[in-house]
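**Student:** Sequence unavailable; structure follows:
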């Protein structure tokens, strides 16, 4: 979710669900240790519970970043061992680390020694042509021995050469049964499933076999899905709000960011999917992705977009 789940999207997501865990985009250890920490680590307290997702392979650097994450107030630090991008392979982290379980185990131990917050792993079920279940089973066994008790499993192989990151999310077949078997083989570990999940009904089905579900792309492109999470998965009272009311609740955050110098386009790009599947969704996306309209725009552009989509929906209801 690099460049997707930044703090602007996460603040929007938290407006839709009060209970779900939020994860940052993957941040490599070098960016944290040698770059602008505030840019990479800043978050609104309302985003909690929140996990910092790290990319890296050097145990000492991972340990330093885990301690920094704790100091910044994160609830969890997650090591990404599942990203298939060639960009991260060149830095010797991401999915290629599944071929070096001892190095991953050393990193987990170093992080656990450096902080008291949860240290978790996100990974795939295999690499390239390695498709045997025993591979991912043995990988988890070695990492669990180092003290990790939570594994987020993307139920596809990672193809390190020949497929783009987008193709890696679509072409390798999903093998949910591998993840279910991991839970049976490691009943004391927390096993979460990821990959191709798009509905609450699917989440409920998976939760009969595993401990949790991570939803990525669907939660971004169809964020209204998150409004079902609290009631269906956490037993909280359902919040009866319209999409327009959810946006109005976000207004103080947006206006504060604009006042601090953040261009509206940085926020608007993350709310384009709000009306996904609804009449007027195309008009909403058009207005909030138009570079000319966004230039020097303020909250009034979002207000106009809300008014226009509601007027379109009212006209449609009148003619039906």
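**Tutor:** Now that the structure is in, tell me what you want to look at. Please read these numbers as outputs of a predicted model, since none were measured by experiment. Numbers count the residues shown, from 1 in each chain.
**Student:** What's the local residue count around residue 105?
**Tutor:** Using other Cβ atoms under 10 Å, residue 105 has 20 other residues around it. Backbone N, C-alpha and C define where each C-beta goes, glycine included.
**Student:** which element is it on?
**Tutor:** Take DSSP states H and E as the rule and residue 105 turns out to sit in helix 101-114.
**Student:** Does anything pack onto that helix? Which helices or strands?
**Tutor:** helix 59-72, strand 76-81, strand 118-127, helix 133-145 (3 or more Cβ pairs under 8 Å, 6 or more residues apart in numbering; DSSP states H and E).
**Student:** Just want the angle from it to helix 59-72.
**Tutor:** 40 degrees (axes from the mean of the first three to the mean of the last three Cα atoms, to 10 degrees).
**Student:** Can you give the distance from helix 101-114 to the centre of its chain?
**Tutor:** Remark: helix 101-114 is offset 23 Å from the chain centroid, using Cα atoms, centre = their mean, to the nearest Å.
**Student:** Which residues does that helix contact?
**Tutor:** 56-60, 62-67, 77, 79, 81, 97-98, 119, 121, 138-139, 142-143, 145-148 (Cβ atoms under 8 Å, 6 or more residues apart in numbering).
**Student:** Weed out the non-buried ones from these.
**Tutor:** When the contacts of helix 101-114 are checked for burial by 16 or more other Cβ atoms under 10 Å, the buried set is 56-59, 62-67, 77, 79, 81, 97-98, 119, 121, 139, 143, 146, 148.
**Student:** What lies in contact with the helix or strand harbouring residue 292?
**Tutor:** If you go by DSSP H and E, residue 292 is part of helix 291-294. Residues from elsewhere that reach helix 291-294, judged by Cβ under 8 Å, 6+ apart: 263-265, 268, 287-288, 301.
**Student:** now stretch 311-320
**Tutor:** 278-280, 283.
**Student:** And stretch 204-223, by the same measure?
**Tutor:** Under the criterion Cβ under 8 Å, 6+ apart, residues 1, 4-5, 9, 12-13, 16, 23, 122, 152, 169, 176, 179-180, 183, 190-194, 197-198, 203, 225-226, 232-233, 270-271, 273-274, 276-277 lie in contact with stretch 204-223.
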